[in-house]
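Trainee: let me see the structure of the following:
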Amino acid sequence: MCGISGIIYFKQPASNLQNIIREMTNAMAHRGPNAEGVFVNDNVALGHRRLSIIDLSNGANQPFTDASGRYRIVFNGEIYNFETVKAEIKDCAWRTSSDTEVLVEAWARWGIQSLSKFKGMFAFAVWDEYEKSLHIVRDRLGIKPLYFFQDDTALIFASEIRSVLASGLVPKKVNERAIHDYLSFQSIQSPISIIEGIHQLPAGSFLLIKNGNVEQKSYWDITQPSKDYEYGDVKGVQQNIYQLLSNAVEQRLVSDVPIGAFLSGGIDSSAVVALMAKVGKTAPETFNISFDEKDFDESPYAELIAKKYKTNHHKIVLQPTVMLDELSNALNAMDTPSGDGVNTYVVSKAVKQAGITVALSGVGGDELFAGYPFFQKYYKLNQRKALWNNSFLLRKMSASFLSDSSKWKQLLQTKTASIEEIYPVLRQVISPANIRKLTKRDTFNESSEINKLLTAYNGKLQSFPAFSQVSIADLLGYTQNTLLKDTDQMSMAVALEVREPFFDHELIEYVLGIPDNLKYPHYPKKLLVESLGDLLPAEVVHRKKQGFVMPWHHWLRNELKDFCEQHINNISNREFFSRESVLALWNDFNNKESNVNWMEVWMLVVLDYWLCKNID
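Mentor: Numbers count the residues shown, from 1 in each chain. This next block holds a predicted model:
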């Protein structure tokens, strides 16, 4: 796990290219405290910060060159099956035991076709000295971030926005369309970013820069599985899920540094730990963040799993106010604004301080196995889609009696029950009506980025079962842009690598094809639980889901009131916000008006904090 950066000039390069790439690389030193390196040659520069995970020697530092000297690579992430790919390469005198060397040697032999061989999370750039071309690649699911900016003179890329900005070559102009998406979904949806002109490279895509031309292509499509699967036999489906998830866990245990696992005591993290105990060579190191407050303490369930699988269990007791103590650190860690993420920072820091460099996480189980309530909402709506689609005028008339900010009003006004219309409403934090009120921007009537993306996928999505349509929408939307992004930026802020077995692309391809009748969650994630046999105790499976919830509504009105008020006042004066509406929202929140959620206030506070730190 590392940070990468680079510049390729189309014409005359800057005279201080060496200094520029070092500034970019230094801006994300937190991602790689173990080593740094740069490569500068004519019109191209590559930078790297290394967090050493596999092959800790200096020989594996980057930028790394293949044996022929033709290719130079900077790589962020992990190739979990690198030993398998390595076995295919018979004509190489290996210099290291790193996955980086396997990656560049595979590229030297198969070029872009080598991507089909890799299982992992990655963002990397490969400079071809002979062709004078640069490939920039992002993993299939967008687990590792990659941002780029292009103008007439150059293309600049990096793992983080702040690294791109550190080049000094990109105007610090806020993208107002991104503000719309942030307020809608608490994060900024790919392919745009908070800065105008800086884009996120879409998941499963690559850029090719050659002879002054930039070409973007997709090499993996979530709606096109690589194999044809059979789902007629229920037991067979369960066995396949078990095997695929077991393989995903085993592959993510490869490491030359201490490795552990987050163990909340829920179904997903318990499943990962159970499989770690089954396929691992040593007892798992497990970590549970516990609290004295019973309302959100899950430690008894985590201890149940730890005892069952004889893990080396670490119970880290935190006071809820640690969130307040760490707040400035967490906010400073945000490379891009997020309404969530503080929790992830605190947990990651506690695990890192316990001596762990790599941790497995159960994140992703809800997205794959219909773990959220809105899965069933969409399923039931989809069952009645003919009636829904044919009742638009009646529904529109009924919607006129509801508040403009009501989700029900928005749902009733959708023309069809298609996933591209329904999903953005179900995942929405602030309604379009309230966003327009806060911003006074008529252009925010436009579709969100996730709506545009799902519309482009429309024909393909309709061929999937209803639950899988929601899974795909969530993997393209909330999962990639909030969940995975927060996991990356908050864990890397403390130099902790997090691996997510549920985001294994082979597992995802298989599960997305499973019919709804097999996946229906008669109890939480029934198909996943039954696929694991007796690995999970009934107490874990059937307990009430608690979640990692802090009393933010109380803090914002009390301990954080002065902090919030400062940023609310500040953001109300920014050109794209309505001062009157923003201050009215803050006033209504403090008066405990039922129509204002703490998250609406907090998102404005976080956004202003980020702008003050990175733009002003």
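Trainee: pLDDT of whichever strand or helix holds residue 106, averaged?
Mentor: According to DSSP states H and E, residue 106 maps onto helix 99-110. Model confidence over helix 99-110, given as mean pLDDT, is 97.
Trainee: same deal with stretch 251-270?
Mentor: pLDDT averaged over stretch 251-270 equals 92, rounded to a whole number.
Trainee: next one: it to chain centre, how far?
Mentor: Chain-centre distance of stretch 251-270: 18 Å, with C-alpha atoms, centre = their mean, to the nearest Å.
Trainee: contact partners of the helix holding residue 106?
Mentor: Helix 99-110 is touched from outside by 54, 60, 62, 64-68, 70-71, 73, 75, 78-79, 82-83, 85-86, 88-89, 92, 94-95, 114, 117-118, 120, 122, 124, 126, with contacts defined as C-beta atoms under 8 Å, 6 or more residues apart in numbering. C-beta coordinates here come from the backbone N, C-alpha and C atoms, glycine included.
Trainee: what residues sit buried inside that helix?
Mentor: For helix 99-110, the buried set under the neighbour-count rule, 16 or more other C-beta atoms under 10 Å, comprises 99-108.
Trainee: distance to residue 364 added to those residues, as TSV?
Mentor: As requested, the buried residues of helix 99-110 are arranged in TSV below (distance: C-beta to C-beta, whole Å):
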residue	distance to residue 364
99	22
100	26
101	29
102	26
103	24
104	29
105	31
106	27
107	28
108	33
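Trainee: OK, contacts around the most centrally placed residue in the chain?
Mentor: The residue lying closest to the centre of the chain (C-alpha atoms, centre = their mean) is residue 484, at 1.6 Å. Applying C-beta under 8 Å, 6+ apart, one finds that residue 484 lies in contact with 141-143, 500, 503.
Trainee: please redo it, this time with the cut-off set to 6 Å
Mentor: Neighbour list for residue 484: residue 143 [criterion: C-beta atoms under 6 Å, 6 or more residues apart in numbering].
Trainee: could you list the low-pLDDT ranges of the chain?
Mentor: In the predicted model of the chain, residues 1, 55, 292-297, 442-446, 545-549 satisfy pLDDT under 70.
Trainee: how does it divide into domains?
Mentor: Per the record, the chain has its domains at 2-218, 234-319+328-368+481-541, 373-424+431-466, 552-614, by automatic domain parsing.
Trainee: and of these, who's closest to residue 224?
Mentor: Distances from residue 224 to each of the domains of the chain were compared by C-beta to C-beta, and the smallest falls on domain 373-424+431-466, at 7.6 Å.
Trainee: just the endpoints, please. Distance across the closest one?
Mentor: Distance across domain 373-424+431-466, first residue to last, is 14 Å (C-alpha to C-alpha, to the nearest Å).
Trainee: one more: stretch 331-351?
Mentor: 19 Å.
Trainee: contacts for it next, please.
Mentor: Under C-beta under 6 Å, 6+ apart, the answer for stretch 331-351 is 160-162, 182, 186-187, 194, 287, 289, 316, 323, 326, 330, 359, 486-487, 489-491, 493-494, 496, 548, 599, 603, 606-607, 609-610.
Trainee: direction included, what does the helix or strand just after the helix holding residue 106 pair against?
Mentor: Past helix 99-110, heading to the C-terminal end, the next element that is a helix or strand (DSSP H and E) is strand 120-128. Within its sheet, strand 120-128 is paired with strand 71-79 (antiparallel), strand 133-138 (antiparallel), according to DSSP bridges.
Trainee: go through the helix or strand that the longest one is followed by and flag the buried ones.
Mentor: Sequence-wise, the next helix or strand beyond strand 71-79 is helix 82-88, with elements assigned using DSSP H and E. Of the residues in helix 82-88, those with enough neighbours to count as buried (16+ other C-beta under 10 Å) are 82, 85-86.
Trainee: alright, that wraps it up for me.
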